[in-house]
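Participant: no sequence for this one, just the structure:
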């Protein structure tokens, strides 16, 4: 690491999170370590919202690394309760409230800045709910599903199916199956909608997608929340909301 690199200990990161959240505005629910402690996270429950008649949990996530792979950061991440799906549209929106701090001296001295960026109000979730509710009223024509699948996997939209790699084709087929038959996607309030399609992609990422180290219990958590799976969700959200 460079000379300016300073480790942020778990105690300090969690203390910072506590100072930002503060005043009983959220309840800590999960703390975890990934990759043998190289990455850590803490998840705070900030209440509930309802989208198209379904319950969703509002979470604020802090994550940090001890191997230089991640800056210490905080951002919002909703969870669809019916299928325990961790939604992730944050990376698809460059304007989303997200707080970063590098591993340098006084890295965690910016509590007021974090509060201002994150807002710790309902503004972000109100915008998210408005967008999700709108997507639940917009149907996704079956002929457009292949374009969504390509976008989610980062495949050029104009690339013909026979030129796509076998691995990507297999992923597209499995993802299409989940979009068609995913948990709770037969709910009449969302069936066939762009919102249902997005949740199908997320269910695939969280519960079906293969990750690099399937023997490691934290591989899926890391991949779906912070790694390659998270990018699949983000690209799908960006395509569906364009």
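Facilitator: Here it is on my side, so go on. Since the model is a prediction, treat every value here as computed from it, not as a measurement.

Participant: Please report phi then psi for residue 115.
Facilitator: Backbone torsions of residue 115, given as degrees, to the nearest 10, read phi -60, psi -40.

Participant: and the gap between it and residue 185?
Facilitator: Counting by Cβ to Cβ, to the nearest Å, the gap from residue 115 to residue 185 is 37 Å. Every residue, glycine included, has its C-beta placed from N, CA and C.

Participant: Comparing those two, which shows the higher neighbour count?
Facilitator: Between residue 115 and residue 185, counting by other Cβ atoms under 10 Å, residue 185 is the more crowded of the two (21 against 15).

Participant: which residues does the more buried one contact?
Facilitator: Residues in contact with residue 185 (Cβ atoms under 8 Å, 6 or more residues apart in numbering) are 179, 191, 196, 199-200.

Participant: Generate the PyMOL command that creates a selection of the buried members of the residues you listed.
Facilitator: To isolate the buried members of the contacts of residue 185 in PyMOL, using 16 or more other Cβ atoms under 10 Å:
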select buried, resi 179+196+199+200
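
Participant: Pipe the contacts of residue 185 into TSV and attach secondary structure and pLDDT per row.
Facilitator: Shown next, in TSV, are these (DSSP: H, G, I helix; E, B strand; the rest coil; pLDDT from 0 to 100):
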residue	secondary structure	pLDDT
179	helix	96
191	coil	95
196	helix	97
199	helix	95
200	helix	96
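
Participant: how's this structure carved up into domains?
Facilitator: Following automatic domain parsing, one gets these domains for the chain: 10-131, 134-240.

Participant: So what's the gap between the helix or strand harbouring residue 31 and the chain middle?
Facilitator: Secondary-structure assignment from DSSP states H and E places residue 31 in strand 27-34. Taking Cα atoms, centre = their mean, to the nearest Å, one finds strand 27-34 lying 15 Å from the centre of the chain it belongs to.
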